[in-house]
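S.K.: dropping the sequence and predicted coords here.
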Number of protein chains: 2
Amino acid sequence: MKNTTITAPKGFLAAGISCGIKISGKKDLAILACPTGAKAAAVFTTNKIVSAAVIVCKKHSKSAFIEAVVVNSGNANTCTGKMGLKNAQTMCETCAQLVNSKPNQVLVASTGIIGHQLPMDKINTGIILAAAQLANSQKAGNNFAQAIITTDLRCKQAFTTVNIDGIKISIAGTVKGAGMIGPNMATTLCFITTDASISKLLLQKALADAVGNSLNKLTVDGHQSTNDTAIILASGLAGNKPITKTGSQYKKFAAALSQLATDLARQMALDAEGATRMFTVAVNCAASKADAAKAARAIANYDLVKCAIHGGDPNWGRIICAVGDCGVKLNPNKLSCSIGNITVFKNGQPVKFDSKKVSKIIKQKEHTITVNLGMGKFSDFCFGCDLSAEYVRINADYHT
Amino acid sequence: MKNTTITAPKGFLAAGISCGIKISGKKDLAILACPTGAKAAAVFTTNKIVSAAVIVCKKHSKSAFIEAVVVNSGNANTCTGKMGLKNAQTMCETCAQLVNSKPNQVLVASTGIIGHQLPMDKINTGIILAAAQLANSQKAGNNFAQAIITTDLRCKQAFTTVNIDGIKISIAGTVKGAGMIGPNMATTLCFITTDASISKLLLQKALADAVGNSLNKLTVDGHQSTNDTAIILASGLAGNKPITKTGSQYKKFAAALSQLATDLARQMALDAEGATRMFTVAVNCAASKADAAKAARAIANYDLVKCAIHGGDPNWGRIICAVGDCGVKLNPNKLSCSIGNITVFKNGQPVKFDSKKVSKIIKQKEHTITVNLGMGKFSDFCFGCDLSAEYVRINADYHT
C-alpha cells in the first residue's frame, strides 16, 4: 500500500504511542521528526488564554530549522501557570536530547482537558518510547495520527502531490479536532509535511492562506480553543528549485496546500462531535467581505439551524433569523435564501417549495445553504455540521 | 384562591382559546383588554428581521391609550412580506371592532414558526371567540398565559404588590419563551399589567430598565428572535397620585416591576427547552461595563460550558476558554474563577479543590459562576441554563 501519511514526503519520521495520559490506554503521545532540518511555519489560536504549549511553540517556530514536533493528547496544558510553561519546555528538551537537536528546534502541541498539570513522569517516559520508534513507514504515520486525537472518531489524513518544473512534490497532513471548533482554528491541531524547497516566508504565507480558507472556515460549535496550532514542515528534499517568489511555482504549491487543507477541514466537519452531516453556508451580495464572513459564520453556528439540519427539516426561518441577528447590513426587501438549488425565500417573501425535496437535500452528507443579503458584491463562506443529542452526551461528561 | 394573573390588577380582562393554528389543538389565541384604556409601554427585538406583528405593534404602542392586546402562538408572522403586514393589521382591526376600540389602540404579538402566512380565517374566528370570553377572573388570566406559549412546558406568571403613599398597587405578568432566547429578548413575549397611575414616559423607562436587568440578561441559546415583545399596560385605576417624576414613588414602582421581571426571567431559564437547571454568571473587575456583560453572556452561551453543567461536571477550563475567546480585555495573571463559593482558578493558576463538592453545587437547581477579569472595577451578570440532548430533540423537528 502506498504511504499517504505525513511520513510520505521525503525526510520525515513519525511515531505515536501510549504513555498513560489517557485513562483509556489509547495512544496519547506523538513525535514527528525531520533529521535533516525543516523550514517551519505555524499559525495559532487567537484566544487570549493560550496553552503553555502554544507559548513555547510560537517562540520555537521562529528558528530557521525545526527537527521535531512533540505532541500529547489528553491534557491541554492550559491554565497551568508557570509549572505548565516549564513542562512544555521540558517536553522540547527531552525530545531534543533524543533526536540530537536543540530545544528551540523542537515544536510542541497539546490538546485535551484544561487546567490540569501534565503528568511529566509519564510524558518523559513516553517521549523516550516514541523517539525509539521513529520510522518512515505508513504505520508510523498512522500511529502519529492516532496519538493526537481526543474525541475524534476517525484519524483525519490527506495526501497530495504537485508537479513543479518536472519535479514531484508531496504534501501530507493530519488534523485532530471534533469539538470546540470555531473559525480561527479551535481545538484544531494540524500537522502538514512537504518535501518542497521553499522559503520560510512563503511557507508561512501559503499556510496562513490555506488555513484561512479551510480550517478557519469550519465551525462546529463556535468555540475557539486555547490550543489551536497548525504547523507545516518543509524538508526541501524533493529537489525542486527553491520557491522564493510568489510566481507560478509558488501558486501551484499554494493551491495544492490549500486543497489539502480543505480536504482536512471537510473530514473534520464530518467527524465533528455527534455530527451526522455537514453543510456549507455561502453568503453573497454582502456590503463587505467581513459582513459576508460574519453572516456565514452566524448561520453555521446557530444551534437552531444546526438542529433543524439534524432533523432534515427545511425550517429556513431560522436561517433568516440568524442573519437578522448577527449585525450585518442587509436589505430586508432583497434578502433571499436557497437550500441546495431550491429557493425558499426571495426578496423578503416566502416562496412555495416542495418541502420533501428540500428535506432530501438537507439529509445528504453535504449540502449548501445560499443567502443573498441584497447589499453589495462581496461573498464568503463557512463550513458547519449538524447538532445532535450525541454532541451533548459527549460533552456533558468529558471531564470525569 | 386569590387571583395572581394578569387580570389581578384593576381594570383588566383576558381570554385564551384554541382557534386551530396549533395542530395539537392547544390554546393559540389570546386577548388582554383594558376597557377604560391603559397607558402602554413596550420594548422589542433588535433583530434586523422582525415579525409583521412587531412592525404594527411598534406603531400602535405610540397611541396615548391602549384598549387591547391580541396575541397568537404557533405562527410568528415573520418573513411573510406585505401579506403578513396586512394580516397583522387585520388582527388589530378585528379585535378593535369587538372591544369597541380603534385599530391603533390594539397591540399585536405573534410567536411560532417563521415564514408561513397566518391562517386568517381561523384567526378571525378565534378573535371573535376570545373576545366573547373576556373576563376578569383568574381562570381567564390563566387561559391567556396558556394561549401564548409554544414549546414552553409551563405557564410563567408572577404577581406582586407595592404600597405607594398608602395605596396598594398591583403588578402582574406572564411571559412565554423556551428557546431562541438570547439577551435582548429572544422569542420572548411578555405581558405585564398594573393598576398604577403613571406617565407613559416613566412607564417606558421603568419597563426598559426592568427588562434590561432581567429578560435581557437571560440566554438560552444566544438566539435573538424576530418577534420579541414586552408590553406593559397601566390602567391607572389603583387610585394613587399619578407618578410623573423619578422620585421615591417612581423608584418603589420601578423596583417592584424589576423584581417581577427577574422572577419571570428565572422561571424562563428553568423552563428553557430541555433545561434541567439554571445558573448565573457574575463577571467582576472588568475594564468596562460592556466587557463585563460580554464576558458573562459569552460564558452563559458557550455550548461546552452548558453541556458540562448538564453533566454536573466541574470542567472550569471551558469557562476560561470562553472568556479568552470573547474579545474582552483581561489580565491572564489575575484571571480567577469560582463555582459557587469554591475557587477553582486563581491569578492564572489552577487551584486544588474537591471536585465532588463542586459537582454537587453545579447539580443544584441554581448556582453562580463568578469570574474576575483582573482589569478594572466593572461588573455585570447573565442568566443561563444547561444544554441537554432534549434541546436538540425539541429543535430537530419543530417544523414538521
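M.R.: Received, thanks.
S.K.: pLDDT weak spots in chain A?
M.R.: The model of chain A has pLDDT under 70 over residues A:179-187, A:220-224, A:394-400.
S.K.: show me where it has helices.
M.R.: A:52-60, A:81-98, A:120-133, A:138-147, A:200-212, A:248-270, A:289-301, A:303-310, A:317-325, A:355-362, A:389-396 (DSSP state H).
S.K.: the fourth one - contacts with which helices or strands?
M.R.: When contacts are defined as 3 or more C-beta pairs under 8 Å, 6 or more residues apart in numbering or on different chains; DSSP states H and E, helix A:138-147 sits against strand A:13-17, strand A:29-44, strand A:66-75, strand A:156-164, strand A:167-176. In short, each C-beta sits where N, CA and C put it, glycine included.
S.K.: go through those and pick out the most buried.
M.R.: strand A:66-75 (a mean of 27; mean count of other C-beta atoms under 10 Å in any protein chain shown).
S.K.: for the closest residue to residue A:275 other than its chain neighbours, give its distance to residue B:326.
M.R.: Distances taken as C-beta to C-beta, 6 or more residues apart in numbering or on different chains put residue A:385 closest to residue A:275, at 3.8 Å, once the chain neighbours are dropped. Using C-beta to C-beta, to the nearest Å, residue A:385 is found at 22 Å from residue B:326.
S.K.: who has more neighbours out of the two?
M.R.: Neighbour count, other C-beta atoms under 10 Å in any protein chain shown: between residue A:385 and residue B:326, residue A:385 has more, with 29 against 20.
S.K.: contact partners for that one?
M.R.: Residue A:385 makes contacts with A:220, A:269, A:270, A:272, A:275, A:277, A:278, A:279, A:306, as judged by C-beta atoms under 8 Å, 6 or more residues apart in numbering or on different chains.
S.K.: hmm, try it at 7 Å
M.R.: Residue A:385 makes contacts with A:220, A:269, A:272, A:275, A:277, A:278, as judged by C-beta atoms under 7 Å, 6 or more residues apart in numbering or on different chains.
S.K.: next one: residue A:106
M.R.: A:60, A:67, A:68, A:70, A:92, A:95, A:96.
S.K.: now the closest residue in space to it that isn't next to it in sequence: how far from residue A:19?
M.R.: Excluding the flanking residues, the one nearest residue A:106 by C-beta to C-beta, 6+ apart is residue A:92, at 4.1 Å. Distance check for residue A:92 against residue A:19: by C-beta to C-beta, it reads 16 Å.
S.K.: I figured residue A:63 hits residue A:101, correct?
M.R.: No. With contact defined as C-beta atoms under 7 Å, residue A:63 does not reach residue A:101; the gap is 9.9 Å.
S.K.: count the residues that sit near the nearest residue to residue A:349 once chain neighbours are set aside.
M.R.: Distance criterion C-beta to C-beta, 6+ apart; nearest residue to residue A:349, sequence neighbours excluded, is residue B:81 at 3.9 Å. Residues lying near residue B:81 (other C-beta under 10 Å) number 17.
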